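Q: test case, fold it:
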Amino acid sequence: MSAAAHRDVVYEDVVTIALSRYLREDPKGLAILMDAIDTLADDPHPPGTARFGPTVCRWHVDGRWRVMYDVTATEVRIGQVVLIL
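A: Next comes the predicted model:
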């Protein structure tokens, strides 16, 4: 049995801008989110992931965050991060 493929996690520019705003608003929550996103490199379809087609996924993290991302053989591209109020 082969090991799961490790993928690079890449953030769209708009996500980077949003994350910088969330850093000011909720630094502890953002740390939880970032730790969770890092795990997508080794497991791009964790429990609770909803798939929207062959590559696009949505994932709720810590009950407060929604992450939309695209999975390829080499990367997980984070396209949207939303703090759910």
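
Q: in the protein, which residue is most central in space?
A: residue 37 (4.2 Å; Cα atoms, centre = their mean).

Q: where's that residue, which helix or strand?
A: Taking DSSP states H and E as the criterion, residue 37 maps to helix 27-39.

Q: CA atoms only for that helix, dumped as PDB, please.
A: What follows is helix 27-39, C-alpha atoms only, in PDB (Å, rounded to 0.1, in the frame of the first residue of the first chain):
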ATOM      1  CA  PRO A  27      -6.400  35.600  15.900                       C
ATOM      2  CA  LYS A  28      -7.100  32.400  18.000                       C
ATOM      3  CA  GLY A  29      -9.800  31.300  15.500                       C
ATOM      4  CA  LEU A  30      -7.500  32.000  12.600                       C
ATOM      5  CA  ALA A  31      -4.800  29.800  14.200                       C
ATOM      6  CA  ILE A  32      -7.300  26.900  14.400                       C
ATOM      7  CA  LEU A  33      -8.300  27.500  10.800                       C
ATOM      8  CA  MET A  34      -4.700  27.600   9.500                       C
ATOM      9  CA  ASP A  35      -3.800  24.400  11.400                       C
ATOM     10  CA  ALA A  36      -6.800  22.700   9.800                       C
ATOM     11  CA  ILE A  37      -6.000  23.900   6.300                       C
ATOM     12  CA  ASP A  38      -2.400  22.700   6.700                       C
ATOM     13  CA  THR A  39      -3.800  19.100   7.100                       C
END
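
Q: so which bits of whichever helix or strand comes after that helix are buried?
A: Sequence order places strand 49-51 as the next helix or strand after helix 27-39, per DSSP H and E. Neighbour counts over strand 49-51 (16 or more other Cβ atoms under 10 Å) mark residue 49 as buried. C-betas here are computed from N, CA, C, even on glycine.
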